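Asker: What follows is a predicted structure for the sequence shown.
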Amino acid sequence: MNAVGALAGGSLLAHTVGCKQPAASQPKEAALESGPADYTLTIAVKPVELAPNRILSTATYNGQFPGPLLRFQEGRPVTIDIHNQTDTPEQLHWHGQFVSTDVDGAAEEGTPFIPARGSRRIRFVPRPAGYNFYHSHVHAGPNLSSGQYTGLVGPVYIEPKNNRGDYDREVFLVLKEFEPTLSRGGDMDMNFLSPVATVKDLKDSGESAMQASIAKGMPHGFEVGYGSFTINGRMLGSGEPIRVKPGERVLFHVLNGSATEIRSLALPGHNFTVVALDGNPIPKPVTVPGLWLGTAERISALVEMNHPGIWTMGDMANDDREHGMGIVIEYAGEKGKPRWIAPKPFPWNYALFGNSGAAVPQPDQVFDMTFAKQNAAEGGFNRWTINGVAFSHDQMQPMFRVSQGKRYRVRMRNASDDIHPIHLHRHSFELTRVAGQPTSGVMKDVVMVGGYQEMEIDFVADNPGLTLFHCHQQLHMDFGFMALFEYV
Ligand SMILES: [Cu+2]
């Protein structure tokens, strides 16, 4: 396979990326108006082959899923042409990067749309280093052919200026489902987060709201389920295996590109040594038996290939893995069918990756946020609120005010039983308290807040402009779970 980098098992990349390396000596401001772009991304509906005879039609970047792996150099400006060949305006969000509101790709912050049948050229300085991604950031609402339900997701790797790390090769993995459908599904049992402590008043208010809604005869709000599951756009067994040699040290860059789902990943007989979360190096590497990723989270983890065989690396949820969420790891010289062995359940605690009990600077101000669900309140969909307010796309009123240079703490309280992968645009935040447990040193841009739990994160207001804060679960963000910070 003639692929750029090592997007294992995926479709061909090299000839569709349309990139050229910008010369280091290129004048910094010359390229915006004229001349070729460094990269071109074309949004168009195309057929995508998930498995033999399993071909579906969805919006893609450059006719492929995932979109091309874009490798940027930290601090070196890039010019990108984005063409939209669909009939609906698009937003392309540079998730995890410290860019300006003009290019971030969020209409709520004021980024111009890429017009239907139109184009936009943008330029920005990629940073910070690490594994990020780009994706559609439009309001899909009930339309499961829009937003991140489509194939509009692609990986970005921003090379650090120095310190390449100790590994033999890199493999990029994009986890994503297709064929979404609505259901009145019940709650998914998701007991992997640790600590497990819930907060009584959050639980009481969430449960009484739910009971009141059911007593009024309301059904459960809609949930989204999927018909097919893929890693790098191929269902388990349909793509190229990842071919390894004993003793190799492989650095996996894993992205949960799902619109709505939490994913896990395990490789029988192997451990993962996590080195970065959401692209940011953690204080020290930590070895775990498997990975958990909320929507939009990324993990970079080293695996030492020291257990020869043919293995399925896949989601720990049997049903999802059997419907495609996996990829085969094939050691040189080994033969046979891929084997799957479930790992023992293990707790996933973000504080494991941080400095225990270490002090963090006092914030200049604390924002309290309570998240709540109004069951089936909006045309059968759950409506979501922050401090009692559902975000309105008609008004786009900022809810919180910050001043440049100050440090803020967001104390999040989840009065619902769902796990929410909470995302802050254009900034990173530091985890300071996870379900009551103090921590420091873990920098992220998405974090899962457990059902009826609390989480505290700190960020420094260092990138002026409207800043979007939202749950990254598309069904939640589209039905109210958003807020804007404004710099004053
Ligand atoms: Cu959510």
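Answerer: Everything's here; your move.
Asker: ok, whatever residue of the stretch 251-400 of the chain ends up closest to the ion - contacts?
Answerer: The minimum distance from the stretch 251-400 of the chain to the ion, using Cβ to the ion, falls at Trp384 (6.6 Å). Quick note: C-beta positions are derived from backbone N, CA and C, even for glycine. Taking Cβ atoms under 8 Å, 6 or more residues apart in numbering as the criterion, Trp384 is in contact with Phe371, Ala372, Lys373, Gln374, Ala390, Cys471, His476, Phe479, Gly480, Phe481.
Asker: One more: Phe481?
Answerer: Phe481 touches Phe371, Trp384, Thr385, Ile386, Ala390, Phe391, His420, His470, Cys471, Gln473, counting by Cβ under 8 Å, 6+ apart.
Asker: now do Thr230
Answerer: With Cβ under 8 Å, 6+ apart, Thr230 has these contacts: Leu50, Phe65, Leu175, Lys176, Glu177, Phe178, Gly324, Met325.
Asker: Same check on Gly388?
Answerer: Thr370, Ala372.
Asker: can you list the residues of the stretch 351-488 of the chain near the ion?
Answerer: His420, Cys471, Gln473, His476 (Cβ under 5 Å from the ion).
Asker: which one's the longest helix in this protein?
Answerer: helix 200-215 (DSSP state H).
Asker: which residues touch it?
Answerer: 370, 372-376, 413-417, 451-454.
Asker: just curious, which of the residues you listed is nearest to Val488?
Answerer: Nearest to Val488, judged by Cβ to Cβ, of the contacts of helix 200-215 is Thr370 at 23.3 Å.
Asker: Just the pLDDT for the residue nearest to the closest one when sequence neighbours are not counted.
Answerer: Nearest non-adjacent residue to Thr370, counting by Cβ to Cβ, 6 or more residues apart in numbering: Arg413, 4.6 Å away. For Arg413, the model assigns a pLDDT of 98.
Asker: Arg413 - how many residues pack around it?
Answerer: For Arg413, the count of nearby residues is 20 (other Cβ atoms under 10 Å).
Asker: which residues does it bridge with?
Answerer: Thr370, Glu454 (DSSP bridges).
Asker: cool, Val288 as well?
Answerer: Beta-bridge partners, per DSSP bridges, of Val288: Phe272.
Asker: That one touches Leu277, doesn't it?
Answerer: No: using Cβ atoms under 8 Å, Val288 is not in contact with Leu277, being 11.6 Å away.
Asker: neighbour count winner among these two?
Answerer: Leu277 (27 against 20).
Asker: show me what contacts that one?
Answerer: Counting by Cβ under 8 Å, 6+ apart, Leu277 makes contact with Glu297, Arg298, Ile299, Ser300, Tyr350, Phe353, Val442, Met443, Lys444.
Asker: Against His427, how distant is it?
Answerer: 15 Å (Cβ to Cβ, to the nearest Å).
Asker: With Thr60 instead?
Answerer: 29 Å.
Asker: okay, these two: which has more neighbours?
Answerer: Thr60 (26 against 18).
Asker: tell me the two of the contacts of Trp384 that are most distant?
Answerer: Gln374 and Cys471 (14.3 Å).
Asker: ok, the two, which is more surrounded?
Answerer: Cys471 (27 against 21).
Asker: Give the bridge partners for the more buried one, please.
Answerer: Applying DSSP bridges, one finds that Cys471 bridges with Ile422.
Asker: and if you look at Ile158?
Answerer: Phe72, Gly130.
Asker: Can you report how many residues lie near it?
Answerer: 22.
Asker: and Tyr134, what element?
Answerer: strand 130-136 (DSSP states H and E).
Asker: now that strand: how far from the chain's centre is it?
Answerer: 8 Å (Cα atoms, centre = their mean, to the nearest Å).
Asker: ok, now stretch 115-127?
Answerer: 21 Å.
Asker: Give me the pLDDT for the residue lying closest to Ile282 once chain neighbours are set aside.
Answerer: Among residues not flanking Ile282 along the chain, Phe353 sits closest, at 4.5 Å (Cβ to Cβ, 6+ apart). If you check Phe353, the pLDDT there is 98.
Asker: what bits of the protein have low per-residue confidence?
Answerer: Scanning the chain for pLDDT under 70 picks out the ranges 1-33, 163-164, 185-189, 357.
Asker: Residues of the protein that sit close to the ion?
Answerer: His420, Cys471, Gln473, His476.
Asker: Show me the residues you listed that map onto strands.
Answerer: Using DSSP state E, the subset of these located in strands is His420, Cys471.
Asker: Now, of the residues of the chain next to the ion, which are buried?
Answerer: His420, Cys471, Gln473, His476 (16 or more other Cβ atoms under 10 Å).
Asker: you'd agree the last one is up against Ile419?
Answerer: The one in question is His476. No: using Cβ under 8 Å, His476 makes no contact with Ile419, being 10.4 Å away.
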